[in-house]
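Colleague: need a 3D model of the following:
(one chain, ligands or ions: 1)
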Amino acid sequence: MSRARPSLLALALVAGACGPAEVPRPSVLLVSIDTLRADHVGLYGYGRDTTPFLDRLGAEGLVFENAFTPAAWTLVAHMTMLTGLNPKQHGVDRAEHALSPEAPLLAERLRAAGYQTLGFYRPGWIHPRHGFERGFDVFRAHQTVEEAEAHLAEELARRSPARPTFTFLHLFDVHNDPSSHAPPAPFSAPPPYQDLFLPGARARLAGETYLTLKKKPRLTAEEREALTSLYDDGIRHVDAGLERIFRRLEEGGWLANTLVVVTSDHGESLAQRGNKLTGHGGPWQEGVHVPLIVRLPDRARAGQRVSEPAHLIDVPQTVLDFTGLGPDPGLPGHSLLDPLPAVRVLAGGDDPAEFYVRWPEKATRYNERIGVFDLEQDPLEQAPRELSAADFEALRQGLGPQGLRAFAPVPAAELTPEERRELEALGYGGAVDEDEDH
Ligand SMILES: [Zn+2]
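Modeller: Have a look, this model is predicted:
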């Protein structure tokens, strides 16, 4: 997609010291909406009007219809999103792991190229403990999208839109409630979004939290309906917040020459399998099919829908490509601005789950259970074909990431008792959401 990229001449002019002919590199805004399933987003076909703003944004850019996260776990997925490394390469797949100092983060690469680098995150699994702050001039925590908006405004006021800027914005309001609100609820969008899609939904689940619902062997149809509506309320809340944030950025001149990428780290089960609430959806599509929108500064390729499978490993490569730094041949992903390979194998999983996608087939292992699904014929993964353990092993050996460097993680700093309590309240019983069975 060369037309919208900076020309080589322009890049040559900015490669050295600043001069009168300087053409700035484009800025980058990367938004991660935590816990957002693709199929609950309007531009991915959802029936409810959850995302009027994202739908418009998607119409102005490229929409990747079949984008995958490597794991339905915030820590693993974001480390991939921000390094471009597969989980087996970055190795940050346990609460005790932090990124190797030898593995570069996207923010480090961009700062070295002269970017202002701003990170806004909701703490939990995204935390300096795991190395996420590396490369950011500012790495600032918030709780809500409203607080993130205020922090963004404060930090940008101290900087110039004339300098290239990398902004990472992580929003957590779709995620289940950490139960710090009173009264507690599984998902807690504030008014006027609360009960927007189903009046009385919150009252229907009065006294229940995400954890109490998770402990039930199965939810009733009424509970599932209310749970899903409360989840959708949170999506609309974040969508409205993003609309305000984008308006503010636009007015400040921050989007004039900016690549925008909006995606998510994983989905949510919503008790879709056997009416059992299991967490973020495991290796199944409700867990690993994420939205992915790429908007170019001049709205080039607006409205284009890309059906070839994409993956969060592609996000850093796309940014490196578009900013003129060049894709890194040491990374496994592809620039999303180039044609994606028609035949491509994408991998993911965190123990005890593992999956491989060679569109439209997806081979999934969950503990000892192995199956192959055709995602075009069976998008809800209801009718697996059998696959033997030996055949799955052959698939793993033959199709998994090969020949790329893997980094040994380093120990992460200990959680404080308060941090541990909050992660438990969010539904994480241990290193991983321990009960992802379907
Ligand atoms: Zn997450």
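Colleague: how about the contacts made by the one residue in the stretch 1-150 of the chain that gets nearest to the ion?
Modeller: At 3.1 Å from the ion, residue 74 is the closest residue in the stretch 1-150 of the chain, using CB to the ion. Just so you know, the C-beta spots here come from the backbone N, C-alpha and C atoms, and that holds for glycine as well. For residue 74, the contact set (CB atoms under 8 Å, 6 or more residues apart in numbering) comprises 34, 124, 125, 126, 265, 266.
Colleague: any chance of those in CSV, with neighbour count, secondary structure and pLDDT too?
Modeller: Formatted as CSV, those follow (neighbours: other CB atoms under 10 Å; DSSP: H, G, I helix; E, B strand; the rest coil; pLDDT from 0 to 100):
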residue, neighbour count, secondary structure, pLDDT
34, 24, coil, 98
124, 19, coil, 90
125, 23, coil, 94
126, 25, coil, 96
265, 29, coil, 98
266, 29, coil, 97
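Colleague: so residue 206 makes contact with residue 183?
Modeller: Yes: the pair residue 206 / residue 183 is scored as a contact, 7.0 Å apart, by CB atoms under 8 Å.
Colleague: hmm, back to that, next, the residue of the stretch 1-150 of the chain closest to the ion: phi, psi?
Modeller: Main-chain torsions, residue 74, degrees, to the nearest 10: phi -50, psi -50.
Colleague: what's the answer for residue 306, then?
Modeller: For residue 306, the backbone dihedrals (degrees, to the nearest 10) come out as phi -110, psi 120.
Colleague: once you drop chain neighbours, what's closest to it?
Modeller: residue 64 (4.9 Å; CB to CB, 6 or more residues apart in numbering).
Colleague: gap between the longest helix belonging to the chain and the chain center?
Modeller: Of all segments of type helix in the chain, defined using DSSP state H, the longest is helix 221-251. Taking CA atoms, centre = their mean, to the nearest Å, the mean C-alpha location of helix 221-251 is offset from the chain mean by 16 Å.
Colleague: make 6 the first number, not 1, from now on.
Modeller: Right, with 6 as the first residue, what we last looked at is helix 226-256.
Colleague: which elements pack onto that helix?
Modeller: Helices and strands touching helix 226-256, by 3 or more CB pairs under 8 Å, 6 or more residues apart in numbering; DSSP states H and E, are strand 32-38, helix 57-64, helix 150-162, strand 170-176, helix 206-209.
Colleague: repeat that with 6 Å
Modeller: helix 57-64, helix 150-162, helix 206-209 (3 or more CB pairs under 6 Å, 6 or more residues apart in numbering; DSSP states H and E).
Colleague: including mean pLDDT, mean neighbour count and distance to the ion, could those go into TSV?
Modeller: Below are the helices and strands packed on helix 226-256 laid out as TSV (pLDDT from 0 to 100; neighbours: other CB atoms under 10 Å; distance: least, CB to the ion, whole Å):
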stretch	mean pLDDT	mean neighbour count	distance to the ion
helix 57-64	98	19	17
helix 150-162	97	17	15
helix 206-209	96	19	22
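Colleague: let's have those in TSV, adding distance to residue 140.
Modeller: What follows is the helices and strands packed on helix 226-256, written out as TSV (distance: least, CB to CB, whole Å):
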stretch	distance to residue 140
helix 57-64	26
helix 150-162	15
helix 206-209	40
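Colleague: residue 31 and residue 262 touch, don't they?
Modeller: Yes: at 4.8 Å, residue 31 and residue 262 qualify as touching, with contact defined as CB atoms under 6 Å.
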